[in-house]
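**Student:** how would this look folded up:
(2 chains, ligands or ions: 1)
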Amino acid sequence: MTAKRRIHLAAHIPGVNNTTVWSAPDAGSQIDFSSFEHFAANAERGLFDYLFLAEGLRLREHKGRLHDLDVAGRPATLSILSALAGITRDIGLVGTLSATFNEPFELAKQLASLDHLSGGRAGWNVVTSSDAFHGANFRRGGFLDFAERYERAAEFVTVAKELWNAGTDRPVSHHGKHFDVEGTFPVPVSPQRHPVVVQAGDSADGRSFAAQHAEVIFSRHSEFGAAKAFYDDVKGRLAGWGRDEDSLKILPAATFVVGDSPRDAEEKARETALAQVSPQTAIAFVEQIWGRDLSEYDPDGPLPDVEPVVDATVTRGRVRHDDPAVTARAWRERADAEGLSIRELVIALSGRHSLVGTASQIADEIDRAVQDRATDGFVIVGATNPHGLDEFVARVVPELQDRGSYRTAYDEGAILRDTLDLPPLVEGATSLARDGAAV
Amino acid sequence: MSHHLLVAAALAAGGRHPGSAPLAAPGSLRTWRGLIGGAETAGIDLVTLDDSFLLRGGAHLDALLIASAIAPATTRIGLVPAVMTAHTEPFHVATGLQTLDHVSRGRAGWLVSTGDARAEAPLFGRRDALALTDADLLDELEDAVVLSRLLWDSWEDDAVIRDVATGRYLDRDRIHPARFHGRFFSVEGASIVPRSPQGQLPVAIEVRTPAELEAAARHADVVFVSAQDVAGALSILREIRDTERRVARVGEPLRVFTDLAVLLEDTAGAATSALERLDEHAGAPLSAEIRVVAATADAVAQAIGSLHDLGYDGVRLHPARLPDDLGRIERDLLPLLAAAGHHQPADAPTSLRSRLRLPRSENRFSDSRGVLA
Ligand SMILES: Cc1cc2nc3c(=O)[nH]c(=O)nc-3n(C[C@H](O)[C@H](O)[C@H](O)COP(=O)(O)O)c2cc1C
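**Tutor:** So this is what the prediction gives:
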């Protein structure tokens, strides 16, 4: 009998969107450090591979004004992860940091510092989002074409690795299309040498960037079929870079609702979805696609009878993945077919939770997805802050351990790369691709 | 002598004396817990943490991140990292410091500096920083402080309303985008970080030139100055008060700390010869850069006492050797200062502002809204 594949879980720090229910009775502060202390202690008790923090560098806007319906406000990624390093022992600390609005020398210095201070537990989710809206907060602005975003990101990561490899021992001289870096790094080589590189883009460019540079992908595809297709696509690209399947972990985002019985779970899921999609949120959600003000519409009534206008700026500060005209048509068809009101439709579209059931059912589902190679694990997303993962840790984690595919303790002093069961770095490499690998 | 003297320690990845040995493990959190935790226990009011993008000064970590990592392990000591303004995005500077204030529960400050901007330029390769004059860099620093202060007030304290009836988490009228357009950079939006416990973090500047003093008098809360003797110390203090008047500073006067490198031994002879050895090793005397007192704890306590009598708010001690001289400051010097009535260690958690005897910072926008309402 071959050993079971090990499940890898990350704990998503509740973020800035309507998944995080701020109206719940136990919803705490989004910014007080005590919330982070609780969240981190619980996740470490649950033996998660890492804590994960998203990033958005401008407050989101809707219809030309600050979006006021969702949780907003968050700490700066590096300072909060460093503070968390001070109160945790084993769990990884992975933050999202833009390759567009940072400079490689500085970010490399900060990430190497975090890796030192945490004893080798740092990770970097490299995102490329670049647009004039976010760019307006930065010297660099938001001028990069789509095509250039991953090119810059790849060169960014390469420069960072050159600096991490050199440490304080020798100067680095890099002259490329996007960066000119000449000088000696002030931070000594850190425990992991390279913090773990995570990637979260979905496009073909994003996937091929991941196949060359990333060790973990944070994906959007959690449902079994979609997860499997994504897994096969991305892992299929690895051989071309001379990498094997286990050198890149894929972890889709997954929300969950644990119940005492399947029915209890369904009921709780429904309540959570109603809290996530308030009447006002339902209207705002549809406005994003319709590109116009719909505040006169009844959230409990049918979808607007007017046609959508194409206005990519109605909502700013979020990543768009679809074509509004096509989406609007599909929504109308579905609402008509199922007789759904605006709010019900939005709940059906966005309020569906990935994992709903008893603790045992959820554990079965996670275990199956990992054993069947649809995924290597999940980024678990709770619905409230800071208690959103308490139940998962108390009820689902023991079930996973019973199935023999989840750790029962951290390895003493393990660096994050080892916690993730990633292969060791190749000495001196600046890319994960093996020398001479085909492109 | 109306107030007790404040005692700061300046920490870096080694002692202040370039001839001293660097820290054994500058990357280890345990090292910094030992240094900063020890300083807190001994009653030191605040630490400043040095930083540079250059290797100069020895291998080191990012100061803001050391301060953030140490924040949860301490409760009383002020944490004042150096964050430079020439190469770092001003938005990241402001939000990173604000986060330090959250994680330290109100004990963050900012040692603002232009760094070695021109020498650091090749590490970034994006700005023609070599063409920037000292005056340009200082102007940019001032802009970075003005912008940061705007961002720190961009959320009013009560901007989060969680109003279930209207479905609103935020009151958007209580959030104020920066809309800052300066000569060197523009920042459009509000901070991504809600207002921090202190609101306005104390801003400190090391002042060595009249231009720097003017910038400080306009924008800072704390200055670190350096004088070789009592006469010099007195004239600097006068110059500071004159400059405050000339720029029509409003609000609290600058809190003035004098920089002092200290080397402590049990006898004056031992201290002098230890300093000589270090100077020789470094190839240049440390006293060319900063006032140095190499003496017994008694003698140093007296020197500090006379600065206090002149009207200084505080003294920033640079241990010539780290950790040795920090240990001696804690063990030998602080008890003497306390016994002489110069210093009183804080015994309860307080914000850095109140440690510096600065009033609570009201949000500038809350006032205007009150008037309009
Ligand atoms: C699951 C997931 C999470 C993401 N998280 C962030 C984030 O926290 N901050 C950010 O700026 N962009 C984030 N992004 C955006 C990506 O960095 C990227 O800009 C976007 O997906 C567009 O690239 P693509 O066309 O390759 O998908 C995320 C994307 C995905 C799929």
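**Student:** Figure out how far stretch A:357-364 is from the centre of its chain.
**Tutor:** 23 Å (CA atoms, centre = their mean, to the nearest Å).
**Student:** How about it, which residues are buried there?
**Tutor:** Going by neighbour count (16 or more other CB atoms under 10 Å in any protein chain shown), the buried part of stretch A:357-364 is A:357-359, A:361-363. To be clear about C-beta, it is placed using only N, CA and C from the backbone, and glycine gets the same treatment.
**Student:** Whichever strand or helix holds residue A:251 pairs with which strands, and in what direction?
**Tutor:** Using DSSP states H and E, residue A:251 falls within strand A:249-259. Strand A:249-259 sits in its sheet next to strand A:216-219 (parallel), strand A:355-358 (parallel), strand A:377-381 (parallel), going by DSSP bridges.
**Student:** Give the other helices and strands that the lengthiest helix in chain B contacts.
**Tutor:** Determined from DSSP state H, the single longest helix within chain B is helix B:134-152. Where contact means 3 or more CB pairs under 8 Å, 6 or more residues apart in numbering or on different chains; DSSP states H and E, helix B:134-152 is packed against helix B:90-103, strand B:110-113, strand B:180-181, helix B:210-219.
**Student:** Tell me which of those lies nearest to chain A.
**Tutor:** Nearest to chain A among these is helix B:90-103 (3.7 Å), distances taken as CB to the nearest CB.
**Student:** right, is that closest one up against the ligand?
**Tutor:** No. Shown here: helix B:90-103 not in contact with the ligand (CB under 6 Å from any ligand atom), separated by at least 14.0 Å.
**Student:** what about that helix, near chain A?
**Tutor:** Yes. Contact of helix B:90-103 with chain A (CB under 8 Å from any CB of the partner chain) involves B:90-92, B:95-100, B:102-103.
**Student:** Give the other helices and strands that that helix contacts.
**Tutor:** helix A:33-45, helix A:77-85, helix B:63-70, strand B:78-84, helix B:134-152.
**Student:** can you state the direction angle for it and helix B:134-152?
**Tutor:** 50 degrees (axes from the mean of the first three to the mean of the last three CA atoms, to 10 degrees).
**Student:** Any buried residues in helix B:90-103, and which?
**Tutor:** Within helix B:90-103, the residues that count as buried by 16+ other CB under 10 Å are B:90-103.
**Student:** Out of those residues, which comes closest to residue B:67?
**Tutor:** When the buried residues of helix B:90-103 are ranked by distance to residue B:67 (CB to CB), residue B:100 comes first, at 5.6 Å.
**Student:** residues contacting the closest one?
**Tutor:** Residue B:100 makes contacts with A:79, B:64, B:67-68, B:71, B:79, B:81, B:108, as judged by CB atoms under 8 Å, 6 or more residues apart in numbering or on different chains.
**Student:** Just the closest of those residues to residue A:121, please.
**Tutor:** Nearest to residue A:121 among the contacts of residue B:100: residue B:68, at 14.6 Å, using CB to CB.
**Student:** where does the nearest residue to the closest one once chain neighbours are set aside land on pLDDT?
**Tutor:** Sequence neighbours aside, residue A:82 is the residue nearest to residue B:68 in space, at 3.8 Å (criterion: CB to CB, 6 or more residues apart in numbering or on different chains). For residue A:82, the pLDDT comes out at 98.
**Student:** The longest helix of chain B relative to helix B:210-219, how many degrees between them?
**Tutor:** 10 degrees.
**Student:** List the buried residues of helix B:134-152.
**Tutor:** In helix B:134-152, counting by 16+ other CB under 10 Å, buried: B:136-152.
**Student:** thought residue A:290 was touching residue A:305?
**Tutor:** No. The pair residue A:290 / residue A:305 is not scored as a contact, 11.0 Å apart, by CB atoms under 8 Å.
**Student:** Neighbour count: those two, which is higher?
**Tutor:** Using other CB atoms under 10 Å in any protein chain shown as the criterion, residue A:290 and residue A:305 rank with residue A:290 on top: 23 against 7.
**Student:** Quick one: low-confidence residue ranges for the chain.
**Tutor:** Going with chain A. Along chain A, the model assigns pLDDT under 70 to residues A:1, A:312, A:319-321, A:435-439.
**Student:** I was thinking of chain B, sorry if that wasn't clear
**Tutor:** Chain B contains residues with pLDDT under 70 at B:1-2, B:367-373.
**Student:** Please, where are all the helices along it?
**Tutor:** Here chain B has its helices, by DSSP H, at B:29-32, B:38-42, B:63-70, B:90-103, B:117-124, B:134-152, B:210-219, B:230-246, B:268-282, B:297-310, B:324-328, B:334-339, B:352-355, B:364-372.
**Student:** hey, which of those helices is tucked in deepest?
**Tutor:** Comparing the helices of chain B by mean neighbour count (mean count of other CB atoms under 10 Å in any protein chain shown), helix B:63-70 ranks first with a mean of 29.
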